[in-house]
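>>> Structure of the sequence below:
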Amino acid sequence: MGPIGIQELLIILIIVILLFGAKKIPELAKGLGTGIKEFKKASNEVDKQINAKDDAGNENKESKGS
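Down below sits the predicted model:
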């Protein structure tokens, strides 16, 4: 079982075209792209919140230690 080759990708592409039709694929890709963009945006916001809490915690420790 190696990596996916060209033949396998072509078979998958043909199956997708048969299932969804050629007109529907761009709409699906656009929706997928929008979903990925929203996911990245949300994960960046969570990272910012975590970093803000860490920074606030470090400032409190430094001021108590002085």
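>>> Next secondary structure element downstream of the host helix or strand of Ile11?
Under the criterion of DSSP states H and E, Ile11 resides in helix 6-20. With elements assigned by DSSP H and E, the helix or strand that comes after helix 6-20 is helix 25-65.
>>> Can you give the distance of that next one from its chain's centre?
Taking Cα atoms, centre = their mean, to the nearest Å, the mean C-alpha location of helix 25-65 is offset from the chain mean by 12 Å.
>>> same thing with stretch 20-33?
Here the centre of stretch 20-33 is set off from its chain's centre by 18 Å, with Cα atoms, centre = their mean.
>>> Could you list the alpha-carbon positions for it in PDB?
C-alpha atoms of stretch 20-33 as PDB (Å, rounded to 0.1, in the frame of the first residue of the first chain):
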ATOM      1  CA  PHE A  20     -22.100  15.500  -8.500                       C
ATOM      2  CA  GLY A  21     -22.000  16.500 -12.100                       C
ATOM      3  CA  ALA A  22     -19.600  19.000 -13.700                       C
ATOM      4  CA  LYS A  23     -21.700  22.000 -12.900                       C
ATOM      5  CA  LYS A  24     -21.900  21.300  -9.100                       C
ATOM      6  CA  ILE A  25     -18.200  20.800  -8.500                       C
ATOM      7  CA  PRO A  26     -17.200  24.500  -8.500                       C
ATOM      8  CA  GLU A  27     -20.000  25.200  -6.000                       C
ATOM      9  CA  LEU A  28     -18.700  22.400  -3.800                       C
ATOM     10  CA  ALA A  29     -15.100  23.700  -4.000                       C
ATOM     11  CA  LYS A  30     -16.200  27.200  -3.100                       C
ATOM     12  CA  GLY A  31     -18.100  26.000  -0.100                       C
ATOM     13  CA  LEU A  32     -15.100  23.900   1.000                       C
ATOM     14  CA  GLY A  33     -12.800  26.900   0.600                       C
END
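>>> related to what we said a few turns ago, in the helix holding Ile11, what's buried?
Of the residues in helix 6-20, none is buried by neighbour count under the rule 16 or more other Cβ atoms under 10 Å. To be clear about C-beta, it is placed using only N, CA and C from the backbone, and glycine gets the same treatment.
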